[in-house]
Structure formats: C-alpha cells, structure tokens
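**Q** Okay, here's the prediction I keep looking at, along with the sequence it came from:
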Amino acid sequence: MRKINLSISGCMGRMGQQLIKSSKKNKSFKLVSLTENRLINKKIAGIKPITNSFDAFKRTNVIIDFTVPKCTLEILKIASKLKKRVVIGTTGFSKKEENVIKKFSRKIPILKAGNMSLGVNLLMYLTEIASKSLGNNFLSKVYEVHHKHKIDYPSGTALMLGRGIANGKNKNFYNLIGRKYLNKKSFPYAKKINFNSIRKGEVIGEHEVRFSSGKEIIKLNHESFDRALYSEGALIAANWLMSKKAGLYSMRDLLNFK
C-alpha cells in the first residue's frame, strides 16, 4: 500500500509533538516534512524542521496544521498554489479569517475542525438536537477547562458548541455570541450564549453545554484524558480528505452525521 506523504506544521507545539508520535505509529503515513515559525537546530524524528515554504510542502500529499491563525493562512496560501490538502486544527479565527479559509477551499480540499475528537463532534451534534428541541424557553451557556498554557479563550471546541446551539435555533452564531469570561467560579445565563473558560494545571480538555428553563437544567458534557485522541482524529481526517475534491469539510462530514 502506498503511504500518504504527511507534513506537520507547528511541530514544536503540544499537538505537533503528539502528531509526530501518532504518525510514526500509523502505517498509512510517511512523515516527509516538519515546519515551525523559528529556527530549530536539531532533527526531530529524523527530519530537520524548516519554516513554511514551497520547499517544505512540495513533496507532501497533506498538511496537518495546529498553529495560530496567521500561520494557518500562510500555509493555505502555499498549499493552494501547490494543490495540497490541508487539515486545520488551529482555533481562534476571526470572522474575516474564516471567510479567507472558505475562499481557499474553492481551490483545494480543506477539513477544518475546532476539535478532532469523535466524542466532541458527537457532543456538538447532540447540542444541536437539544437546542432545536428545547427552543426559546431555555437559555444556554458553555463552560470549558484547559491547561494553563492555552492562550486563546473560549476554546475552539467551546465555540463549536456555541455554533451547535445557534444551528439548533436556526440563528446566526455571531449574532448570538454573548460575554466571554475567564476563570470565573460562576457565570450567568443570558439571551445570548455566554462562555466561561478556566485555565489551570495540565487539564487536557473539559467541555459542558448547559440549558436552563429556570425550573430545570440539562447538561451535556465531554472530558478528554489523552491528547492522542486529537492527533489520531487528525490523521483519520487526513486519510479521509485524500479522496475529496476541493471544498471545506468538517469532522461532521467525515462522521456522516446528518
């Protein structure tokens, strides 16, 4: 079986390091290049990391990107010219940046997900169903916990779940975004969707959606124990993307949730 040539961007980050480990165990992939935004004077997994460039990606079939929005857009610009597929796990994009990604997806296949976990994507699906079923009689909010090193908040997964609430109500997500709290012990429900992000210790990821009518509360939650959950999901996404035409896909497409 011919292996898929793989490039990993942000190779020195937490997810980059985990992706390298997972790709080495996965017989479907051959790691051909690693990129980072600074000079790395050592080889990793037998490969010397370089910055994003045509040389970095010319031999690859698919790029997996867990970096920052500015870097992701730089990678997409190169990938679109080389006609390479890209899996995006980066979070924290602005609405304008999201639209730029959509434009690139007209030229190349892109799978973008705020979370690569099967369980989290199932949680989003259940969130949509609950939001649609409960209607406007229930207010909602999203709670998340991550390790102290995570900079952006709310997390990409929390925003995914917020989007699930909006989709269930058939409303524009950006019009429903409420207040974004950091490290609050408690936070209120509102007509819009409020978010509370906790940053502590080495927590890999906890997410919870709550719906309240004032008389009852419904909670949907997910907890991650192993970072390999995300890297393995990203590799499944990369493999799946190999057979797709240009377009913007999500884990929901991969999992065939209706």
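**A** All right, it came through fine. Numbering: from 1, shown residues only.
**Q** contacts, neighbours, all on C-alpha from now
**A** Will do.
**Q** Tell me where the stretch 101-250 of the chain has strands.
**A** 109-112, 139-146, 177-182, 193-199, 205-212, 217-224, 247-249 (DSSP state E, counting those that start in this stretch).
**Q** which residues touch the fourth one?
**A** Applying Cα atoms under 8 Å, 6 or more residues apart in numbering, the contact partners of strand 193-199 are 139-150, 153-155, 158, 162, 176-184, 187-188.
**Q** Let me see the mean pLDDT of that strand.
**A** Across strand 193-199, pLDDT averages out at 98.
**Q** count of residues packed around Ile129?
**A** Neighbour count for Ile129, taken as other Cα atoms under 10 Å: 16.
**Q** Same question for Thr51.
**A** For Thr51, the neighbour count with other Cα under 10 Å is 16.
**Q** if we can go back for a sec, take the strands of the stretch 101-250 of the chain and lay them out in a markdown table including distance to Thr60.
**A** Converted to a markdown table, those look like this (distance: least, Cα to Cα, whole Å):
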| stretch | distance to Thr60 |
| --- | --- |
| strand 109-112 | 14 |
| strand 139-146 | 32 |
| strand 177-182 | 38 |
| strand 193-199 | 36 |
| strand 205-212 | 31 |
| strand 217-224 | 30 |
| strand 247-249 | 19 |
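**Q** any idea how far Asp226 is from the closest residue to Lys200 other than its chain neighbours?
**A** Leaving aside its chain neighbours, Lys200 sits nearest to Lys148 (4.5 Å; criterion: Cα to Cα, 6 or more residues apart in numbering). In this view, Lys148 and Asp226 are 16 Å apart by Cα to Cα, to the nearest Å.
**Q** pretty sure Asn5 is in a helix, no?
**A** No. Under DSSP: H, G, I helix; E, B strand; the rest coil, Asn5 sits outside any helix and is assigned strand.
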